[in-house]
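Q: next come a sequence and a model predicted from it.
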There are 6 protein chains.
Amino acid sequence: MSEPSSSEPVPLGRVVALLDELYPQGSAAEWDRVGLVTGDLEQPVRRVLFALDPTLAVIEEAREWGADLLVTHHPLLLRGVHSVATTSAKGASVTSLVVSDIALYVAHTNADVADPGVSTVLADALGLTSQRPLTTIGPYAAGRVGRLAAPMSLVEFADAVAAALPPTAGGIRVSGDPVGSVRTVAVMGGSGDDQFDAVRASGADVYVTADLRHHPVLEAREEARGGTPYLVDAGHWATESLWLASAEERLLASLEEDRAAPTSVESRISSIRTEPWTFVVGANAAATAAAPSGGVS
Amino acid sequence: MSEPSSSEPVPLGRVVALLDELYPQGSAAEWDRVGLVTGDLEQPVRRVLFALDPTLAVIEEAREWGADLLVTHHPLLLRGVHSVATTSAKGASVTSLVVSDIALYVAHTNADVADPGVSTVLADALGLTSQRPLTTIGPYAAGRVGRLAAPMSLVEFADAVAAALPPTAGGIRVSGDPVGSVRTVAVMGGSGDDQFDAVRASGADVYVTADLRHHPVLEAREEARGGTPYLVDAGHWATESLWLASAEERLLASLEEDRAAPTSVESRISSIRTEPWTFVVGANAAATAAAPSGGVS
Amino acid sequence: MSEPSSSEPVPLGRVVALLDELYPQGSAAEWDRVGLVTGDLEQPVRRVLFALDPTLAVIEEAREWGADLLVTHHPLLLRGVHSVATTSAKGASVTSLVVSDIALYVAHTNADVADPGVSTVLADALGLTSQRPLTTIGPYAAGRVGRLAAPMSLVEFADAVAAALPPTAGGIRVSGDPVGSVRTVAVMGGSGDDQFDAVRASGADVYVTADLRHHPVLEAREEARGGTPYLVDAGHWATESLWLASAEERLLASLEEDRAAPTSVESRISSIRTEPWTFVVGANAAATAAAPSGGVS
Amino acid sequence: MSEPSSSEPVPLGRVVALLDELYPQGSAAEWDRVGLVTGDLEQPVRRVLFALDPTLAVIEEAREWGADLLVTHHPLLLRGVHSVATTSAKGASVTSLVVSDIALYVAHTNADVADPGVSTVLADALGLTSQRPLTTIGPYAAGRVGRLAAPMSLVEFADAVAAALPPTAGGIRVSGDPVGSVRTVAVMGGSGDDQFDAVRASGADVYVTADLRHHPVLEAREEARGGTPYLVDAGHWATESLWLASAEERLLASLEEDRAAPTSVESRISSIRTEPWTFVVGANAAATAAAPSGGVS
Amino acid sequence: MSEPSSSEPVPLGRVVALLDELYPQGSAAEWDRVGLVTGDLEQPVRRVLFALDPTLAVIEEAREWGADLLVTHHPLLLRGVHSVATTSAKGASVTSLVVSDIALYVAHTNADVADPGVSTVLADALGLTSQRPLTTIGPYAAGRVGRLAAPMSLVEFADAVAAALPPTAGGIRVSGDPVGSVRTVAVMGGSGDDQFDAVRASGADVYVTADLRHHPVLEAREEARGGTPYLVDAGHWATESLWLASAEERLLASLEEDRAAPTSVESRISSIRTEPWTFVVGANAAATAAAPSGGVS
Amino acid sequence: MSEPSSSEPVPLGRVVALLDELYPQGSAAEWDRVGLVTGDLEQPVRRVLFALDPTLAVIEEAREWGADLLVTHHPLLLRGVHSVATTSAKGASVTSLVVSDIALYVAHTNADVADPGVSTVLADALGLTSQRPLTTIGPYAAGRVGRLAAPMSLVEFADAVAAALPPTAGGIRVSGDPVGSVRTVAVMGGSGDDQFDAVRASGADVYVTADLRHHPVLEAREEARGGTPYLVDAGHWATESLWLASAEERLLASLEEDRAAPTSVESRISSIRTEPWTFVVGANAAATAAAPSGGVS
């Protein structure tokens, strides 16, 4: 959190221009929808709230705190809407933002491919060295591959991931031999189940990402014939939320360095976890001895 | 498990015909690929293994036990293959089945919509009464909605689900107010994140399914404004594997009642869990107080 | 315009339900986007403004008059939007409506096929008798064909159309022999250049519609070989705006007849013409003698 | 019109080759259909008629005058035909051309992007200086932007357009403040309602094109918030027909300069206006005071 | 051939109406293009030529004989054309028909599914009894299956086919055991390589059709495992041209029975074979002993 | 056929690598499916059989001879399969290969565009000189055009083709004037009916390919107006099977020159003709006098 250093509020248009420099909209995926979602370029910005998802609770937090601008990673209107009536949650969210004069700005896949961006922040948090891109999406590097300082077992690595990320209810799910050794690590913040080919090509021992479902995971484990790369589903929110501090820091620095008129805003990161899970029961209920391949007996 | 009652083995073609009666191939989804995947209709069938997924480990179990027929819920070749060379896991699986003279038979979405089928078995296991279909897929009923004998809290319900399903490493993830009351329950075995509209329309207090990812779950929770329907992701394997006993029982009964020539086979359900997760760390690390809507502070 | 008859305001949800009865949303074209666009079903409705297009000027009129509800024929968000920031006119319109607590409700193609609807009101205004549908769009009748009380020349008919419709800057463009006789008339409010086959099949002498461009008109005139059906482009706004009075009258009647609680609202039709043309120069500069076919020498 | 200078007629193949040099077929849009539509490359060409549209009346004029070749801007068979029976107007046109030994040659979008081409001729006729392309279509420049010698009011500009173009029945429709000042002008001959983004980016005060319909015009006017760019719909035929003299002049020059054998043909421009409108009634019937934005009160 | 019985020529429109009754255009495949291709409904018809293909040679025969109408099975303009200039063969054909005042009428897939139609005429020529449809295309029966009076060897059957059909250069290609016995016969005039499933389902011993290429034939033979159904490619022209006499006979009868005004025309079947092959060398150069399956050693 | 020169068998992976160098998989068409279809890279290869098609008879020949590897030109699984049960011929083929431990390797369109490849081997067999590519498919040359040592008549050329290719039952079909002179020859092994434009552009007098059907051939002959290019359908199997000896020779040479460990395998070309035709009756039954254009009278 930062303290304001100027009594003159900065117009939204100026903040948007600086955010666009940090996370160029042209580097977002073609299907993505980033940039300003609500707001007027001339409205003043005094307080900026950062959050992963623009949920109704987050918007309420922004309103209560008096934020003029909400910066999120996930789009509110990824699919186009034809109504903002409050009968739908999306409409209620837009209405709440507009009525409360809160501008919403989204940096999504353009934040994924930025440097520092979502996956580099995640790789740094895991202490990976000798980092290189995992793959490219269009002309942009995406995901990271790096090395741990020393080899460790898969279960030790999972504990290290848990320690590096914010705590969640959902926890971290792991597929692979608990005592198998890992050193090279591939990471992709958020949903990464379309990158298994790149992970195999990278020679990674383990892949940290999220939103892994039964069929793609099982196929990836079969292709690995029980060996590496192992898989770690560390949660969509947890793997991406570390980026918020990076975005906050960079925006504040940009404002202070702004040639036109150095200024500052008050900012903070939302205290609301938008991971949707509330609690887990029965985890680790089954024995964890690894099967030769593709299953646990 | 059953004991063989006839010294004369039944030809595969006869078993396939009986399975087709139980799970008509015409009731499978258009995109699905069910029925016989390997084998010759004239080969004898003495031992039948049932499993959810035809992984390499399951195929090895079948080979070691001497199974002539493997019946699975999930297709091996959902996407068409152009090669069965052992360089891919799919190719290695086909090659292993063929070399070991093991026929593979798949009942997938036709087992989902059967009665008893995947969702009805799941609904029964949860003790639901006054059952009705959740939705229809084409002309077929799919999913189930029913009532618990008495209202219970969401956390009590989650424990009941855990008790009713086989134990897994991944456990059961829950979204919603732990002390919220639930009585009407919607279930859909396997991946059910495309049925939220039907769940809302059903008036269910909670929805039990699997493979739930961040964005659809968060959107469903936003639409619920923090209230019902709550969500329970009980695991793809766990929610579907109960069906295996039903399928085994029905096939054995069909063979014994077969007018042409009552016969029997030796059968068993695979001891391999094909849930891909080996262990979980850090679950329930975050406080579980429910936020007013869409998040947990 | 009507005067309010009840001191208790009616909730928006009640008005929307009545409008949905008059213009069922299910009868709109699949590509169309009708119904509530902004607003909360529980907000009170005291004043309703009717207009053809939800332009910024119309919204400003609604705000100044204190309208709670704006009912328009044309959708504001026919194409889905991903932002309502004021940097676009659509975003500025949504923002203005939301900030001013004005609900917007759209009845578009469902108003076209209603009876009374856009084309029937137009046909009635032209005095057509023995009316029948021009065509069907899906299961719904669309457009009207009817007969004039007596034959008249095309130029007399054009003058009659001008007298029946509200005055505009764009005027009425006519293609055909000025002294040619017309009696059977086809009409389609708004853009009707995809109905020439139906017009020919109807035996109409003249077709009144709008938004006619060079190529389709010239092809239709060629197919007519210089004869009937003649064409009259009477302007999109002018041919549709007569419907507004019908919609107003029907809504007021519905409110007064409402079994739950007869009530009334204050209403009026917007004084703003949203025809985009401001003036015309040079019309009728060329001689108007009809060529034998397809051209004017 | 020119007089023939050689008694030896030139074969059609030679004329086609010269036209292809002036308007290369490769520069036409992919969806377009240009070049020779009827005729035999060895037939002699003595008389060439130029017209915007190959209507039945134009073909009759060509036949009566004894033309061997008709050069038009608009294709006769833009959509492929499966029959040329005289039961359709297209079939009757083809049949009439073939029976009368009249070759038809089309230069459409390749004439639009030529220089001089349809839009440059239009820009020149309006006296625009400092011309530059409005946009590019594929690799080709399209439309023109230029400046008037001095600022003038919108109504003065409309009168100037009317004076520069051939008179029509339809006249010229204008949207914008009559006393607003214009100096930078964008033009696109024919239908230009897909170029509003380019017009805004060009900084033009007014855009001259044709075939403008209600929705795109109103959206463009809303985006302009009542200001510039203003819009002038000067008619499809009128904005494109000036090009005919340019095409005639260039073909005659090419024939006279032909290295193989300088020759000439008799030529003329059709006297038939193929604008489909015969007359207008009621134009300027409404007051023309400009509304603040998006409407006229 | 018939002799004219009336001095008054019948208008083309009347002949077209009668042909449409015999071969309703609505029964043609959706992708097909049938009916009148050139001509004017009011032109007189005195002489009608029937041919399978409207080639330039056939059109020249029609012109020399003085035909007013050419009736063919194959469309001239199946793909839409954008030019009828003589630079393409299609354009030269249309131009020649139009210049010579020869109307062209096509009955293609509507003649295939007619009864009597292309396949029934073929089945009758082969002496098949107990005929039934081979398959249905949309709502229409297509192809025929029937029985020979007595079983015969495949080579005897091939000789019988050769005797029943007009002689060609290309001859008749046969796949199967020469001494294999055939009795049930499936036929499909023209290209029938998309009907192998229907042929197998029909229980036919042999399938007579044309235009069979390597891959579909080899796959069909593999599926037959060297046995039945055998395949006979009897040539596209030969299998369809028998229909011409049926069409001629039916049209003449329709004209004579016409209630409005019994009349007649002079008619004949083209003497030009439009099978494109001129001669064959090297046929039967390889030994013909059938392999066990899928090949000949 | 070659004799083995090393007692140590070479692993399949090594043979596949060498074949991939000769026929790079990246040069295959996007729709094609080439490379290893069955087998394990570590299985030993002692005997290699070459054949055009992997039919059941060819697989049986491979099994009887004891082949470890079958190399074919045509894919077994061009369309993806979802089952290899023996109920389909494809499934029976895969099952037979796998049970018999026979690896299958396919070089299809990558062999077409290789040099030497299918079309160059064919062009060489016809004695063509001054060879150049006929066309390009993607970045690869395809087909060949070359010149005969001296002009000859079309019938002499057909006899020369018959002499150069292996004998077949189907023989060689020719379209064109038997005494017409040919010198420039275009060839495309297998199905080449999509290359008529390239053939015309090449100036070839005659085009040798296969799988020619009625409509494309007749259209090509019409476009040729009875003249050149003539067409020769020499059979799919015959035009491609010459390539087998080239592939065998190149693989053996690669193995002997292998730096890692020169080795050799026993090899042979299948004795089974997979041309599906068994015999022809009635060829040349019709007179062969060429018509002026497009037909034979």
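A: Thanks, I have it.
Q: from now on I want contacts and neighbour counts done on CA atoms only, so please keep to that.
A: Will do.
Q: using the record's assignment, carve chain A into domains.
A: Partitioning chain A according to automatic domain parsing yields domains covering residues A:10-111+A:240-269, A:113-234.
Q: is the last one positioned near chain B?
A: Yes. Applying Cα under 8 Å from any Cα of the partner chain, one finds domain A:113-234 touching chain B at A:158-159, A:162, A:167-178, A:211-214, A:217-218, A:221-223, A:225.
Q: and that domain, end to end?
A: End-to-end distance of domain A:113-234: 20 Å, with Cα to Cα, to the nearest Å as the criterion.
Q: wait, does it contact chain F?
A: No. Counting by Cα under 8 Å from any Cα, chain F is not contacted by domain A:113-234; separation bottoms out at 15.1 Å.
Q: direction included, what does the top strand by length along chain A pair against?
A: When chain A is parsed with DSSP state E, its longest strand is strand A:140-153. Paired strands of strand A:140-153, with direction, are strand A:129-137 (antiparallel), strand A:181-191 (antiparallel) (DSSP bridges).
Q: give me the mean pLDDT for the helix or strand following that strand.
A: Next in sequence after strand A:140-153, counting helices and strands by DSSP states H and E, comes helix A:154-164. Averaged over helix A:154-164, pLDDT sits at 98.
Q: contacts for helix A:154-164, please.
A: Under the criterion Cα atoms under 8 Å, 6 or more residues apart in numbering or on different chains, residues A:125-126, A:171-172, A:174, A:176-182, A:232, A:234, B:281-282 lie in contact with helix A:154-164.
Q: could you list every helix and strand in contact with the longest helix along chain A?
A: Ranked by number of residues, the top helix in chain A under DSSP state H is helix A:243-257. With contacts defined as 3 or more Cα pairs under 8 Å, 6 or more residues apart in numbering or on different chains; DSSP states H and E, the packing partners of helix A:243-257 are helix A:12-22, strand A:47-51, helix A:118-125, strand A:266-269.
Q: just the buried residues of that helix, please?
A: A:Trp243, A:Leu244, A:Ala245, A:Ala247, A:Glu248, A:Arg250, A:Leu251, A:Leu252, A:Ser254, A:Leu255, A:Glu256 (16 or more other Cα atoms under 10 Å in any protein chain shown).
Q: once you drop chain neighbours, what's closest to the last one?
A: Okay, so that is A:Glu256. Excluding the flanking residues, the one nearest A:Glu256 by Cα to Cα, 6 or more residues apart in numbering or on different chains is A:Pro262, at 4.7 Å.
Q: now the closest residue to chain C within the stretch 101-250 of chain A: how far from A:Thr95?
A: Per Cα to the nearest Cα, A:Ala103 is where the stretch 101-250 of chain A lies closest to chain C, at 7.9 Å. When distance is defined by Cα to Cα, A:Ala103 is 12 Å away from A:Thr95.
Q: what's the most buried one of the strands paired with strand A:140-153?
A: Burial of these is given as mean neighbour count (mean count of other Cα atoms under 10 Å in any protein chain shown); strand A:181-191 ranks first at a mean of 24.
Q: contacts made by the following helix or strand past it with the rest, please.
A: Using DSSP H and E, the helix or strand that follows strand A:181-191 in sequence is helix A:196-202. With contact meaning Cα under 8 Å, 6+ apart, helix A:196-202 is reached by A:Leu134, A:Thr135, A:Val145, A:Ala186, A:Tyr207, A:Ala220, A:Pro229.
Q: how about helix A:196-202: buried residues?
A: By neighbour count, with 16+ other Cα under 10 Å as the criterion, the buried positions of helix A:196-202 are A:Phe196, A:Val199, A:Arg200, A:Ser202.
Q: give me the phi and psi for A:Pro9.
A: phi -70, psi 150 (degrees, to the nearest 10).
Q: show me the contacts for it.
A: Listed by Cα under 8 Å, 6+ apart, the contact set of A:Pro9 reads A:Pro44, A:Val45, A:Arg46, A:Thr263, A:Val265.
Q: looking at strand pairing, list the partners for the second one.
A: The reference is to A:Val45. Bridge pairing for A:Val45 (DSSP bridges) gives the partners A:Val10.
Q: so for F:Gly80, which of the domains of chain A sits nearest?
A: domain A:113-234 (18.2 Å; Cα to Cα).
Q: report the distance from that closest one to the chain centre.
A: On the basis of Cα atoms, centre = their mean, to the nearest Å, domain A:113-234 sits 14 Å off its chain's mean C-alpha point.
Q: one more: stretch A:233-253?
A: The gap between the average C-alpha position of stretch A:233-253 and the chain average comes to 6 Å, counting by Cα atoms, centre = their mean.
Q: go on, stretch A:96-110?
A: Going by Cα atoms, centre = their mean, where stretch A:96-110 is centred and where its chain is centred differ by 17 Å.
Q: what are the buried residues along it?
A: With the criterion 16+ other Cα under 10 Å, stretch A:96-110 contains buried residues A:96-110.
Q: other residues contacting that stretch?
A: Contact with stretch A:96-110 is made by A:16, A:23-29, A:32-40, A:59, A:62-63, A:67-75, C:85, C:95, C:98-99, as judged by Cα under 8 Å, 6+ apart.
Q: one step back: and the contacts of helix A:154-164, which is closest to chain E?
A: A:Gly176 (44.3 Å).
Q: I figured the closest one hits A:Leu231, correct?
A: Yes. Contact status for A:Gly176 versus A:Leu231: in contact at 6.8 Å, counting by Cα atoms under 8 Å.
Q: more neighbours: those two, which one.
A: A:Gly176 (30 against 26; other Cα atoms under 10 Å in any protein chain shown).
Q: so what's the closest residue in space to the more buried one that isn't next to it in sequence up against?
A: What sits nearest to A:Gly176 in space, not counting adjacent residues and going by Cα to Cα, 6+ apart, is A:Tyr230, at 5.1 Å. Residues counted as contacts of A:Tyr230 (Cα under 8 Å, 6+ apart) are A:Val174, A:Ser175, A:Gly176, A:Asp177, A:Asp205, A:Val206, A:Tyr207, A:Arg221.
Q: what is the nearest of the residues you listed to C:Gly91?
A: Nearest to C:Gly91 among those is A:Tyr207, at 41.5 Å by Cα to Cα.
Q: three-state assignment of the residue sitting nearest the centre point of chain A?
A: By Cα atoms, centre = their mean, chain A has its centre lying nearest to A:Glu240, at 2.1 Å. The three-state assignment at A:Glu240 reads helix, by DSSP: H, G, I helix; E, B strand; the rest coil.
Q: surely A:Gly192 touches A:Tyr207?
A: No. A:Gly192 lies out of contact with A:Tyr207 (Cα under 8 Å); the separation is 9.2 Å.
Q: more crowded one of those two?
A: Shown here are A:Gly192 and A:Tyr207; by other Cα under 10 Å, A:Tyr207 has more neighbours (26 against 18).
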